[in-house]
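**Q** After the sequence you'll find the predicted model.
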Amino acid sequence: MTDQLVCPYCDAELNPGAISCRCCGRDLTPVLPLLRRLDAAERRITGLEEARASLEQALDEVRRFKAEAVPAPAAGAAATAPGSDDVALADAADAAAAALVPPPRRRLWALLLGFLVLLGAYASVVFWLDLPLWVLRTASIVVPFVTGAVYLGVRPRLAKIDIAVTVAFAIFSVATMNAWLGWSDNIPVLPQGVAAWRETMFYALSIGASLFAGMLLRVSQAALSAKGLASLPGLRQGLSSVHGKLPLETLKTIETAILMASTVLSVAAGLIAGLLGLK
């Protein structure tokens, strides 16, 4: 496949950076995104075809080796081998196609932005505006929740590293706030006494639970959208269509319900931790 750009109007070959056709004079700006997507799709198809050709070549060599190594009496028993080879070829092709799918991306900038907004809310309440403490508690639930939903980005899928990110975000946020307060008021950075430690732990728990709840909500929304259940009518239709189908559909629906319940529990944990941390 060449790197030349083909004009969709006159089939003339153009340079990749061209924005208009030198033959017909048409403006290519409106169709350039579509042409780039088509080119990327063609490259993926070419990659799949090359992977399939290499797999078929490898399977031909395996069949030839088996035909040479297996004695004549066992030829009848080996008659079913091509079917298993076809299954192996299909599995390998599926694996190659899955390898071409880009992995899920994390929006790390969302963590930094959420941390700065949370730190700004803390400074506004404690240092600048002297607002009530419940304003900070509310911001400590809303800001991490939105941060967690934005952090997963497209193709959201939870992993073990996301749990570590949640814990690190909560601890780092609370530690930074305590360090700022200690530097400003010339007091110890670490909490003093059981009550102070209790309040600090509940505060960190509210931040972490809200961040994780935002992640779960994003995963739940993506799972429902993939099933066409992004709206309440679609959700009702999807739940009603589960009755009488294969058990696999029922299992997928149960998994989605569990995921949504986990989101609700995480939100409740964040709210409870925030309320218990209030003085």
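**A** Received the coordinates, thanks.

**Q** drop to CA atoms for contacts and neighbour counts, all remaining ones
**A** Noted.

**Q** What segments of the chain are helices?
**A** 32-69, 81-100, 108-123, 133-151, 160-185, 194-226, 232-242, 247-276 (DSSP state H).

**Q** What about Ser220, how many residues nearby?
**A** Using other CA atoms under 10 Å, the number of residues around Ser220 comes to 23.

**Q** Next: Ile161.
**A** By other CA under 10 Å, neighbour count at Ile161 equals 9.

**Q** And the closest residue to Arg106 other than its chain neighbours, its phi and psi?
**A** Once flanking residues are discounted, Arg106 sits nearest to Leu152: 5.1 Å by CA to CA, 6 or more residues apart in numbering. Main-chain torsions, Leu152, degrees, to the nearest 10: phi -70, psi -30.

**Q** Would you mind measuring from the nearest residue to Thr166 once chain neighbours are set aside to Phe145?
**A** Excluding its sequence neighbours, the residue lying closest to Thr166 (CA to CA, 6+ apart) is Gly208, at 5.5 Å. With the distance defined as CA to CA, to the nearest Å, Gly208 ends up 9 Å from Phe145.

**Q** more neighbours, these two?
**A** Neighbour count, other CA under 10 Å: between Gly208 and Phe145, Gly208 has more, with 29 against 26.

**Q** residue contacts, that one?
**A** 144, 166-167, 169-170, 270 (CA atoms under 8 Å, 6 or more residues apart in numbering).

**Q** pLDDT value on it, please?
**A** According to the prediction, Gly208 has pLDDT 89.

**Q** how near is the residue nearest to Arg106 to Met215?
**A** 7 Å.

**Q** Mind checking which of the two has more residues around it?
**A** Each of Leu152 and Met215 has its neighbours counted (other CA under 10 Å); Met215 has more, 29 against 23.

**Q** separation between that one and Pro144?
**A** Distance from Met215 to Pro144, by CA to CA: 10 Å.

**Q** do the same with Thr138
**A** Thr138 is 10 Å from Pro144, by CA to CA.

**Q** Settle it for me: which of the two has more neighbours?
**A** Per other CA under 10 Å, whichever of Thr138 and Pro144 has more neighbours is Pro144, with 31 against 15.

**Q** Isn't Val154 up against Arg105?
**A** Yes - Val154 is within contact range of Arg105, at 6.8 Å (criterion: CA atoms under 8 Å).

**Q** Where does pLDDT dip in this protein?
**A** Residues of the chain that meet the criterion pLDDT under 70 lie in 1-3, 69-104, 155, 226-279.

**Q** rerun at 90
**A** 1-108, 121-142, 145, 148-150, 152-163, 178, 181-182, 184-210, 212-279 (pLDDT under 90).
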